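>>> coordinates only, sequence not included:
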């Protein structure tokens with residue numbers, strides 16, 4: 001074989017290899033898309049099964065033990081396609097139990113567009129001494145309204161941002177006054193309002209609420225029914241709420257019914273407002289120690305996202 005023919009053979013081989021590589025890459029991309037499509041379809045089908053299972057629950061027929069079991073079964077299995085980009089932000093290191101406490105679940109799918117369009121609006125109830133979530137959301141570009149009724153709450157030095165507003169008001173099922181820490185040396189008479197009243201007073205009623213954060217030490221429970229009745233949740237794109245299910249947070253007369261109400265709440269959020277359970281995050285610091293049977297996480301965050 002002469003030199004020219006040899007070089008020609010080498011060039012042909014390289015060309016064929018390049019073509020084969022191109023074909024392989026194209027095939028790989030097609031296969032990846034196919035796998036992605038198949039997996040999304042599979043998860044969507046599983047989510048549909050989960051949704052049907054939830055909606056078919058007859059919570060009124062369950063006793064308090066059965067309702068509790070069913071509630072935890074539901075919240076620990078979020079929908080797989082409700083959120084594609086899930087984040088945890090905020091919180092502070094709780095060295096006493098080796099845990100990051102106060103972090104909040106956040107879905108970036110729709111929030112990204114709200115931030116880009118400068119329409120991101122966050123309402124946050126329950127601040128105490130941890131403002132990390134609110135500061136971070138403001139730094140992302142959201143307009144943030146933070147609420148806490150206690151006069152003992154101190155605004156951190158890094159929370160003085162032009163788009164972060166503080167309101168000394170508590171969230172409640174009624175408008176008026178209420179007692180905070182009754183019977184305690186720090187007992188206070190505080191101003192409280194319903195969510196729809198607060199939105200109207202600030203001038204945001206009817207606007208899209210990009211994120212509603214609720215961490216109010218059990219006060220979310222009597223508010224749930226009022227939210228459903230007023231229809232205010234139609235404006236909410238994401239609802240991040242810390243659930244307090246231990247009896248210490250709940251009126252004893254209502255405790256035996258509480259898990260039925262939670263199940264009704266989850267069903268209605270999905271069927272009436274399109275808010276689907278996207279994530280569950282138990283409070284690992286208190287773990288199961290607050291539960292009398294040591295079976296369930298009495299404190300846990302859930303995230304519901306509008307699809």
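Looks like it arrived, so ask away. Quantities reported herein were computed from a predicted structural model and do not represent experimental measurements.
>>> mind giving me the domain ranges of this structure?
According to automatic domain parsing, the chain comprises the domains 1-56, 59-306.
>>> Please identify the most buried of those domains.
domain 59-306 (a mean of 17; mean count of other CB atoms under 10 Å). All C-beta spots, glycine's among them, are computed from the backbone N, C-alpha and C.
>>> I'd like to know the average pLDDT value across that one.
Domain 59-306 carries an average pLDDT of 90.
>>> Would you check that residue 89 makes contact with residue 104?
Yes - taking CB atoms under 8 Å as the definition, residue 89 is a contact partner of residue 104 at 6.1 Å.
>>> Give me the common contacts of the two.
Counting by CB atoms under 8 Å, 6 or more residues apart in numbering, the common neighbours of residue 89 and residue 104 are residue 133.
>>> so how far is stretch 46-60 from its chain's centroid?
Distance of stretch 46-60 from its chain centroid, counting by CA atoms, centre = their mean, to the nearest Å, is 20 Å.
>>> what's in contact with it?
67, 70, 74, 77, 79-82, 259-260, 263-264, 266-267, 270-271, 276.
>>> Where strands are concerned, which of these count?
Cross-referencing the contacts of stretch 46-60 against strands under DSSP state E gives residue 276.
>>> In the protein, mark out all the helices, start to finish.
Assigned by DSSP state H, the helices in the chain fall at 3-55, 64-75, 108-116, 132-140, 195-202, 220-230, 252-255, 258-273.
>>> angle of the last one against helix 64-75?
What it means is helix 258-273. Using axes from the mean of the first three to the mean of the last three CA atoms, to 10 degrees, one finds that helix 258-273 and helix 64-75 are set 40 degrees apart in direction.
>>> again, but for the fourth one
Helix 132-140 runs at 30 degrees relative to helix 64-75, counting by the same axes, to 10 degrees.
>>> quick one: contacts for residue 274?
306-307.
>>> now residue 212
With CB under 8 Å, 6+ apart, residue 212 has these contacts: 122-124, 236, 238-240.
>>> Ok, residue 125 next?
Contacts of residue 125 (CB under 8 Å, 6+ apart): 147-148, 170-171, 213-216.
>>> Any chance of a markdown table for those residues, columns distance to residue 111?
Output for these, formatted as a markdown table (distance: CB to CB, whole Å):
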| residue | distance to residue 111 |
| --- | --- |
| 147 | 20 |
| 148 | 23 |
| 170 | 26 |
| 171 | 22 |
| 213 | 13 |
| 214 | 17 |
| 215 | 19 |
| 216 | 22 |
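>>> Which pair in these has the greatest spatial separation?
Distances among the contacts of residue 125 were taken as CB to CB; the most separated pair is 170 and 213, at 14.5 Å.
>>> hang on, residue 197 packs against residue 174?
No - using CB under 8 Å, residue 197 makes no contact with residue 174, being 9.4 Å away.
>>> So residue 128 is in contact with residue 148, correct?
Yes - counting by CB under 8 Å, residue 128 does reach residue 148; the two are 6.5 Å apart.
>>> before we move on, the earlier item: now, which of the contacts of residue 212 lie within strands?
Those of the contacts of residue 212 lying in strands (DSSP E): 122-124, 238-240.
>>> Just send those residues back as CSV, with distance to residue 109 too.
Output for those, formatted as CSV (distance: CB to CB, whole Å):
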residue, distance to residue 109
122, 16
123, 19
124, 20
238, 9
239, 15
240, 14
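>>> And those, which is closest to residue 113?
Of those, the one sitting nearest to residue 113 (CB to CB) turns out to be residue 238, at 12.7 Å.
>>> In space, what's closest to the closest one - neighbours in sequence excluded?
Spatial nearest neighbour of residue 238, excluding adjacent residues (CB to CB, 6 or more residues apart in numbering): residue 211 at 4.7 Å.
>>> Could you do residue 281 as well?
Here the residue nearest residue 281, using CB to CB, 6+ apart, is residue 301, at 4.4 Å.
>>> List the beta-bridge partners for that neighbour.
residue 242, residue 281 (DSSP bridges).
>>> who's in contact with it?
Residue 301 neighbours (CB under 8 Å, 6+ apart): 104-105, 240-243, 279-283.
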